[in-house]
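[1] The following block contains a protein sequence and its predicted model.
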Amino acid sequence: AQSVTQLDSQVPVFEEAPVELRCNYSSSVSVYLFWYVQYPNQGLQLLLKYLSGSTLVKGINGFEAEFNKSQTSFHLRKPSVHISDTAEYFCAVRFLSGGYNKLIFGAGTRLAVHP
Amino acid sequence: EAGVAQSPRYKIIEKRQSVAFWCNPISGHATLYWYQQILGQGPKLLIQFQNNGVVDDSQLPKDRFSAERLKGVDSTLKIQPAKLEDSAVYLCASGTTLGFTDTQYFGPGTRLTVL
């Protein structure tokens, strides 16, 4: 079965500390991978995406993610977080079967950055 | 470039009442999606359009939900009658194509509370 799992529902971290938000998926077909961020009372904004090529993907706001095919993971990292990074982060997977564009989202990880 | 617009931003109704949400996608975008995001969960696709045709509505509760996309531009999602479990944020997204590499751009959402 195809599924997306975000292993942590909440991640508290102090400002300027590094952070990793974990995402694993289960699939029998190839995938494209995405991370979105949702600030309070706003829609989802694309942080980064992996389609092909280098497994290390850099996105906006200093975030990066690494695709690990053997571990079926796509963890999001930032070396030094800011208060403004406090938000909900969603991992999303597009399973490359069928003929159309369907994203499956994880349940989200709430990142809380403390001073 | 203007983003995806949605209205209203907030709506409170009694159960068994009807409600409608409106979405205006990014100009020129052929695909349009409606997602339901229940508190504490990731967005779940309800329906997707390519121009004014429905591509996938397999997750849409058709006994109470309906959606249309007039002239391949704006879209309306309706719930009639609403149930308590319909309380959620309804997100609209648009994209340029149905291709696997397409990026979906999200609006701010409509927060529905059913009492």
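    Nice, thanks for sending it over.
[2] Now the closest residue to chain B within chain A. Its backbone dihedrals?
    Closest contact between chain A and chain B, by C-beta to the nearest C-beta, is at A:F105 (3.1 Å). Quick note: C-beta positions are derived from backbone N, CA and C, even for glycine. For A:F105, the backbone dihedrals (degrees, to the nearest 10) come out as phi -100, psi 150.
[3] okay, now it: neighbour count?
    By the measure other C-beta atoms under 10 Å in any protein chain shown, the count of residues near A:F105 is 21.
[4] Identify the residues contacting it.
    A:V4, A:Y36, A:F90, A:C91, A:A92, B:G42, B:P43, B:K44 (C-beta atoms under 8 Å, 6 or more residues apart in numbering or on different chains).
[5] Next, work out how far apart the third one and B:T96 are.
    Read that as A:F90. 21 Å (C-beta to C-beta, to the nearest Å).
[6] how many other residues sit next to residue 83?
    Picked chain A for this. 11.
[7] you looked at the wrong chain, it should be chain B
    Neighbours of B:K83 (other C-beta under 10 Å): 12.
[8] and it, what does it touch?
    Neighbouring residues of B:K83 by C-beta under 8 Å, 6+ apart: B:K15, B:R64, B:V114.
[9] Can you tell me which of these is nearest chain A?
    The nearest one, if we look at the contacts of B:K83 relative to chain A and count by C-beta to the nearest C-beta, is B:V114, at 19.0 Å.
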